[in-house]
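>>> Below are the sequence and a predicted model; questions follow.
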Amino acid sequence: MNTKDEKLEELILTLSEGERKILKLMADRKIKEIYEEDLSKQLEMDLSEVSRYSLWLENKGVINKLKESKPTIELTEKGKQYVNRPLPEAKILGHLKEKQQEKIDKLPQKLGMDLPEINAAIGLLIKNGLIKINKKEKIIEITPKGKQIGELPTVATFKALLKTPQLILSNREKDPSLQNLVRRGLIRFGTTIKWKIALTELGERLIKKGIPEIEHIDRVTPEIISSKTWKTKRLRWYDILSPVPKVWGGRKHPLKLIIEKIRQVFLEMGFREMKGPWVETAFWNMDSMWIPQDHPARELQATFYISKPPTGNISDKELIKIVKDVQETGGDTSSIGWQQEWSEREALKTLLRTHTTAVTFRVLGFKLRNGELKPPVKFFAIDRVFRNETIDWKHLAEFHQVEGFVVAENLTLRSLMGYIKEFYWKMGIKKLRFKPTYNPYTEPSMEVFAWHSEVGKWVEVGNSGLFRPETLRPYNIAVPVIAWGLAVERLAMLLYGIEDIREVFGSYCDINWLRWYQLPLKRVFK
């Protein structure tokens with residue numbers, strides 16, 4: 001036996017029952033090409049099965065699958081209504097041949113037609129000079145040409161279409177009545193795809209050699225093993241090198257990996273994690289931290305307010321009173337406050353929180369104020385925040401923020417910078433800058449910038465500061481508190497070397513990048 005014969009023998013052993021049926025039919029009928037639809041009918045096999053078996057045969061080089069596309073024309077649901085009744089233009093013209101003229105507003109009742117049908121038909125008949133319209137009296141009249149005409153072109157085309165659609169299709173560019181029927185939604189053009197299979201040279205040699213009837217086992221089951229059927233029947237061979245579809249398993253989102261790393265870093269630094277609700281009251285989101293009620297961030301242009309429920313509730317009435325006093329006059333903090341009336345109703349409005357600092361003040365208000373926790377303490381949060389931002393390459397309306405704070409004796413600005421530098425050092429970012437800034441609730445305050453060598457610029461990655469006495473007074477905290485808020489998406493954007501934040505968490509996030517991204521092991525900051 002030569003090498004070619006050996007390969008044919010091996011190929012025969014890999015054929016499934018469905019593949020054998022297809023090849024046997026082609027051998028018996030002595031055909032080299034056949035449509036899959038015809039195979040399906042002749043083998044009494046579902047078309048999807050035939051398509052699957054023919055694909056297997058193509059992968060083995062036995063056949064080629066040939067795609068044939070043909071233009072088609074078919075009736076729409078609207079067009080099917082006129083298979084057994086006249087088209088609107090024929091009905092109106094027939095009525096006018098009998099009556100000579102008719103008031104337009106009488107047509108729906110007399111002919112049993114709706115206005116869109118009537119308007120389309122009248123427009124077509126006027127265009128062809130078959131009727132005319134008296135706008136003053138709102139009457140349509142038949143013209144001499146309309147009296148003489150026999151069958152309308154659109155009617156003739158429609159009838160011919162029902163008998164020989166392919167003949168009508170061949171004249172689609174030359175037949176204006178056909179285009180008219182399309183514009184009116186009575187017919188539509190489409191494409192049908194048919195698959196044909198054709199024997200290759202290998203397939204012809206395989207059929208010529210003959211395909212013996214072999215009772216083989218396609219799949220090994222526990223029953224086949226226990227009954228020892230595998231000893232009396234042949235197992236079908238499988239080609240372990242044949243191509244198979246790529247299966248994409250589950251994979252963590254790259255932003256999720258950054259969040260997990262951030263959590264690990266803070267836990268290593270001795271912080272405890274805190275959580276808070278997405279839907280927040282303006283009190284915890286703004287008033288509790290001494291943000292004035294006329295601050296621009298509280299406008300609709302910057303904050304998403306909730307309509308249902310429109311307000312929330314704060315059970316600690318003493319806390320509300322202290323916050324009111326500090327807001328209006330500074331209370332006993334030696335500050336003069338904001339010198340404006342403070343509205344509890346405004347403070348109880350519900351919104352989507354704009355920063356995770358709201359979680360910080362919930363901990364200060366529920367844990368430290370009530371004495372459940374005592375300094376020194378340090379907490380962090382990683383969670384979702386929402387801002388009514390114009391979305392661009394560095395802004396999102398929905399993103400993640402890292403919040404951290406420390407309550408302890410003798411904390412200074414140097415302590416704050418040390419914590420932030422230590423965090424970014426552990427994240428692999430070593431080149432930072434701090435810039436003085438203004439926050440209503442911290443003094444001094446600093447913006448944090450990191451240098452990105454690939455982008456070639458300093459990028460803002462966070463904000464920080466020491467809480468003011470007015471901010472801490474409602475919670476009976478007499479020791480320094482340092483705090484910071486850092487942008488997770490911007491950090492991820494820089495670590496992965498991406499210039500547009502929307503590619504990390506947003507509309508530009510590419511599915512191929514999610515499948516193939518590499519972990520940011522390289523230090524992108526020098």
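Yep, it's here.
>>> And the helices in the stretch 301-450 of the chain, which stretches?
All helices of the stretch 301-450 of the chain, identified by DSSP state H, counting those that start in this stretch, fall at 317-329, 344-347, 357-363, 413-426.
>>> wait, isn't Q301 in contact with R387?
No - shown here, Q301 and R387 do not form a contact pair, counting by CB atoms under 8 Å, at 10.1 Å. Where C-beta positions appear, they are placed from N, C-alpha and C, glycine not excepted.
>>> So for those two, which residue has more residues nearby?
The neighbour count for Q301 versus R387, taken as other CB atoms under 10 Å, is higher for R387 (17 against 10).
>>> ok, the residue lying closest to the more buried one once chain neighbours are set aside - contacts?
Beyond its immediate neighbours in the sequence, the residue positioned closest to R387 (CB to CB, 6 or more residues apart in numbering) is T354, lying 5.3 Å away. Contact analysis of T354 by CB atoms under 8 Å, 6 or more residues apart in numbering lists N285, A297, A302, T303, V385, F386, R387.
>>> Kindly recompute the last result at 7 Å.
T354 sits next to N285, A297, T303, V385, F386, R387 when contact means CB atoms under 7 Å, 6 or more residues apart in numbering.
>>> What about the second one, how many residues nearby?
A297 has 16 neighbours, counted by other CB under 10 Å.
>>> again with R433
Close neighbours of R433, defined as other CB under 10 Å, add up to 12.
>>> Then K457?
The local packing of K457 (other CB under 10 Å) involves 9 other residues.
>>> same deal with the one 4 residues further on?
When counting by other CB under 10 Å, one arrives at 22 neighbours for V461.
>>> who does whichever helix or strand E280 is part of pair up with?
With elements taken from DSSP states H and E, the one containing E280 is strand 279-281. Partners of strand 279-281 in the sheet, by DSSP bridges, are strand 350-352 (antiparallel).
>>> Please identify the buried residues of the strand it pairs with?
Taking 16 or more other CB atoms under 10 Å as the basis for neighbour counts, the residues of strand 350-352 that come out buried are T350, L351, L352.
>>> Among the residues you listed, which one lies nearest to G465?
For G465, the nearest member of the buried residues of strand 350-352 is L351. The distance, counting by CB to CB, is 22.7 Å.
>>> quick one: buried residues of stretch 47-58?
Going by neighbour count (16+ other CB under 10 Å), the buried part of stretch 47-58 is V50, Y53, S54, W56, L57, E58.
>>> So in terms of bridging, what pairs with the spatially closest residue to R353 that is not a sequence neighbour?
The shortest distance from R353 to any residue other than its chain neighbours is 4.1 Å, reached at E280 (CB to CB, 6+ apart). Per DSSP bridges, residues listed as beta-bridge partners of E280: L351.
>>> Contact partners for E280?
If a contact means CB under 7 Å, 6+ apart, then E280 has L351, R353, A358 as its contacts.
>>> ok, the last one touching M286?
The reference is to A358. No - at 8.3 Å, A358 does not count as touching M286 under the criterion of CB atoms under 7 Å.
>>> And those two? Which one has more around it.
M286 (29 against 26).
>>> Roughly how far does the residue lying closest to the more buried one once chain neighbours are set aside sit from N285?
Nearest non-adjacent residue to M286, counting by CB to CB, 6+ apart: R298, 6.2 Å away. Taken as CB to CB, to the nearest Å, the spacing of R298 relative to N285 amounts to 9 Å.
>>> got it, and E33?
With the distance defined as CB to CB, E33 ends up 72 Å from N285.
>>> Next: K308.
For K308, the distance to N285 equals 18 Å [CB to CB].
>>> For T14, state which of the contacts of E280 is nearest.
When the contacts of E280 are compared for distance to T14 (CB to CB), R353 wins out at 61.7 Å.
>>> close enough to count as contact, the closest one and N285?
Yes - between R353 and N285 there is a contact under CB under 7 Å: 5.2 Å.
>>> possible to save the buried residues of strand 350-352 as TSV with distance to P243 and pLDDT?
Listed next are the buried residues of strand 350-352 as TSV, based on distance: CB to CB, whole Å; pLDDT from 0 to 100:
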residue	distance to P243	pLDDT
T350	56	94
L351	54	93
L352	48	93
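>>> can you redo these as JSON lines with distance to L107?
Putting the buried residues of strand 350-352 into JSON lines (distance: CB to CB, whole Å) gives the following:
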{"residue": "T350", "distance to L107": "57"}
{"residue": "L351", "distance to L107": "58"}
{"residue": "L352", "distance to L107": "56"}
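>>> Kindly indicate which of these lies nearest T143.
Each of these was checked against T143 using CB to CB; the closest is L352, at 67.1 Å.
>>> Show me the beta-bridge partners of the residue nearest to that closest one when sequence neighbours are not counted.
Nearest residue to L352 in three dimensions, chain neighbours excluded: F386, at 3.8 Å (CB to CB, 6+ apart). With DSSP bridges as the criterion, F386 is bridged to E398.
>>> which residues touch the closest residue to F361 other than its chain neighbours?
Spatial nearest neighbour of F361, chain neighbours left out: S288 (4.5 Å); criterion: CB to CB, 6+ apart. Contact criterion CB under 7 Å, 6+ apart gives V323, F361, G365, P474 as the residues in contact with S288.
>>> residue boundaries of the strands in the stretch 351-500 of the chain?
For the stretch 351-500 of the chain, the strands defined by DSSP state E, counting those that start in this stretch occupy 377-386, 398-407, 432-439, 442-452, 457-467, 481-487.
>>> Quick one: those as TSV, columns for mean pLDDT and distance to E318 too.
Formatted as TSV, those follow (pLDDT from 0 to 100; distance: least, CB to CB, whole Å):
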stretch	mean pLDDT	distance to E318
strand 377-386	93	22
strand 398-407	92	21
strand 432-439	92	26
strand 442-452	90	25
strand 457-467	89	20
strand 481-487	91	21
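>>> can you list these in a markdown table and add distance to K163?
Conversion of the strands of the stretch 351-500 of the chain to a markdown table gives the following (distance: least, CB to CB, whole Å):
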| stretch | distance to K163 |
| --- | --- |
| strand 377-386 | 63 |
| strand 398-407 | 59 |
| strand 432-439 | 80 |
| strand 442-452 | 71 |
| strand 457-467 | 71 |
| strand 481-487 | 69 |
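>>> To W237, which of these lies closest?
For the strands of the stretch 351-500 of the chain, the distance to W237 is smallest for strand 398-407, at 52.9 Å, taking CB to CB.
>>> Does that closest one pack against any helices or strands, and if so which?
Here strand 398-407 is seen to pack against helix 254-268, helix 357-363, strand 377-386, strand 481-487, helix 488-495 when contacts are counted using 3 or more CB pairs under 7 Å, 6 or more residues apart in numbering; DSSP states H and E.
>>> list the buried ones in the third one?
Read it as strand 377-386. Going by neighbour count (16+ other CB under 10 Å), the buried part of strand 377-386 is V377, K378, F379, F380, A381, I382, D383, V385, F386.
>>> repeat for stretch 264-281
Along stretch 264-281, the positions that meet the burial threshold by neighbour count (16+ other CB under 10 Å) are V265, F266, F271, M274, G276, E280, T281.
>>> Out of those, which comes closest to W516?
V265 (26.0 Å).
>>> how about that closest one, what does it touch?
F423, K426, M427.
>>> which non-adjacent residue is nearest the first one?
For F423, the nearest residue in space outside its immediate sequence neighbours is V265; the separation is 6.0 Å by CB to CB, 6+ apart.
>>> Kindly report the same for the second one.
Spatial nearest neighbour of K426, chain neighbours left out: V265 (4.5 Å); criterion: CB to CB, 6+ apart.
>>> in the stretch 151-300 of the chain, which ranges drop under the pLDDT threshold?
Counting by pLDDT under 70, the ranges of the stretch 151-300 of the chain that qualify are 166-174, 214-215, 239, 242.
>>> repeat that for 80
Counting by pLDDT under 80, the ranges of the stretch 151-300 of the chain that qualify are 164-175, 211-220, 224, 229-249, 300.
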